[in-house]
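In: please find the sequence and the predicted model below.
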Amino acid sequence: MFKDFVILVLALSSCFFFLVGTTGLIRLPDVFSRMHATTKSDTLGAGLALLALIVYKGVDPVSLKLLVVLVFIMVTNPVAAHIISKAAYDKEIGKRKEGPDADI
């Protein structure tokens, strides 16, 4: 019973963070804000979903593989977002326009 409750809380938390990240992607104004919202939320959402799966499987070789995937996502997702945002900054993609012709 307690195990099911923990799995439910982790899965619902994961869905919440995915929803927040998607909302941030749609609503935020520039590329850097969007990237920050999606990177943080998707990393946490994926981490919580994988933790729910680890709790569901219990002590099993599959749980060890899921843990490896979790660590891989926690390391690579922020690094990839940093590299993409650096490239956007260098190409001035996310620069806000000033004046009457600015996109709102």
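Out: Received, thanks.
In: who are the neighbours in contact with residue 47?
Out: Neighbouring residues of residue 47 by CB atoms under 8 Å, 6 or more residues apart in numbering: 14, 70, 73, 74. For every residue, glycine as well, the C-beta is placed using N, CA and C.
In: scratch that, residue 69 is what I was asking about
Out: Per CB under 8 Å, 6+ apart, neighbours of residue 69: residue 50.
In: which stretch of helix or strand covers the most centrally placed residue in the chain?
Out: Central residue of the chain (CA atoms, centre = their mean): residue 42, 1.4 Å from the mean position. Take DSSP states H and E as the rule and residue 42 turns out to sit in helix 31-57.
In: so for the helix ranked longest in the chain, what gets flagged as buried?
Out: Looking across the chain with DSSP state H, the single longest helix is helix 61-90. Using 16 or more other CB atoms under 10 Å as the test for burial, helix 61-90 gives 63, 66, 70, 77, 81, 85, 88.
In: low-scoring stretches of this structure, by residue?
Out: 94-104 (pLDDT under 70).
In: return the distance of the one helix or strand residue 8 maps to from the chain's centre.
Out: Applying DSSP H and E as the criterion places residue 8 in helix 2-27. Distance of helix 2-27 from the chain centroid (CA atoms, centre = their mean, to the nearest Å) equals 11 Å.
In: so it versus helix 31-57, what angle?
Out: 160 degrees (axes from the mean of the first three to the mean of the last three CA atoms, to 10 degrees).
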